[in-house]
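# Structure for the following, please:
(one chain, ligands or ions: 2)
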Amino acid sequence: MIELRQVSKVYPNQTKGLNNINLTFEQGEFVAVVGLSGAGKSTLLRSINRLHDISEGDILINGNSITSAEGHELRMIRRDIGMIFQSFNLVKRSTVLRNVLAGRVGYHSTLRTIFGRFPKEDVDLAFEALERVNILEKAYSRADQLSGGQQQRVAIARVLAQEAKIILADEPVASLDPLTTKQVMDDLKRINQELGITTIVNLHFVDLARQYATRIVGLRAGEVVFDGPVAEATDER
Ligand code: ADP
Ligand code: ADP
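Ligands and ions are numbered 1, 2, ... in the order given. Got it, this is the predicted structure:
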């Protein structure tokens, strides 16, 4: 469902982010991408969602090239892909509910969602998403009044409200303590199992990858140095 074909990414300053990557992710997989800082994990996720353009190669999402897509087609492909970041990326002064409703923006004209109110179906979806990550009681709290772990669960709820088929999580637990890390990883895993959402998670620590993922992709200097089931992953990164 996600296919990277000979993908390279060279940044404007000539730094190589990815060097000739070939990877395929199947529907429903829970994959951890591991590697030291600077290995290319973030570049990989940003390439899949086309938050930046790649320099060479092609990336297919359900058979459609996101590399060459434009306008409406690009928006339709992106609707299926939800991003989760280390820094949560919520609108801090807005309510939790409004942050989750932001996941619905791609389903409406821009004007409607900036100035208007969302249809009831969207609000229902948002509440359902909040319930799924056990944070329903915070719906009307301001996002910045929540703990880090709660904010990350709001970000997960936003992706659920988006009805994304793919979750790309870029070091989602890097700024969380061990207990909250477990809660957020448990949520991601449960959602993957219950809804079959293809999940790719960048992780700094291999032990977390082992605990949660079924497949580990190891990156080093922009290249895939390991790709296989968790049981075969060694501590070498
Ligand atoms: P990771 O997520 O594994 O820490 P990154 O994908 O962020 O790795 O980085 C891969 C390489 O690309 C590193 O050498 C990094 O310095 C470089 N890089 C990342 N973002 C940029 C950028 N915007 N401009 C230039 N180089 C970048
Ligand atoms: P507004 O911020 O539009 O004045 P209200 O004061 O009526 O909203 O309601 C408070 C909160 O209710 C909003 O901040 C938002 O989180 C939520 N809300 C309820 N229904 C909707 C909806 N249909 N669209 C957007 N937000 C809604």
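
# What are the boundaries of the helices in the protein?
41-48, 71-79, 96-101, 110-115, 120-132, 148-161, 178-195, 206-212 (DSSP state H).

# Next, format those as JSON lines and append distance to ligand 1, mean pLDDT and mean neighbour count.
Quick note: C-beta positions are derived from backbone N, CA and C, even for glycine. Formatted as JSON lines, the helices of the chain follow (distance: least, CB to the nearest ligand atom, whole Å; pLDDT from 0 to 100; neighbours: other CB atoms under 10 Å):
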{"stretch": "helix 41-48", "distance to ligand 1": "3", "mean pLDDT": "98", "mean neighbour count": "22"}
{"stretch": "helix 71-79", "distance to ligand 1": "20", "mean pLDDT": "94", "mean neighbour count": "13"}
{"stretch": "helix 96-101", "distance to ligand 1": "25", "mean pLDDT": "96", "mean neighbour count": "24"}
{"stretch": "helix 110-115", "distance to ligand 1": "27", "mean pLDDT": "64", "mean neighbour count": "10"}
{"stretch": "helix 120-132", "distance to ligand 1": "27", "mean pLDDT": "95", "mean neighbour count": "17"}
{"stretch": "helix 148-161", "distance to ligand 1": "18", "mean pLDDT": "97", "mean neighbour count": "25"}
{"stretch": "helix 178-195", "distance to ligand 1": "18", "mean pLDDT": "96", "mean neighbour count": "17"}
{"stretch": "helix 206-212", "distance to ligand 1": "13", "mean pLDDT": "94", "mean neighbour count": "17"}
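
# Any figure for the gap between the residue sitting nearest the centre point of the chain and Glu131?
When CA atoms, centre = their mean is applied to the chain, the residue found nearest the centroid is Leu168 (2.1 Å). Distance from Leu168 to Glu131, counting by CB to CB, to the nearest Å: 23 Å.

# What residues does this protein have near ligand 2?
Residues of the chain that fall close to ligand 2, judged by CB under 6 Å from any ligand atom: 95, 97-98, 101, 117-118, 123.

# go with 5 Å
Contact residues, the chain versus ligand 2 (CB under 5 Å from any ligand atom): 95, 97-98, 117-118, 123.
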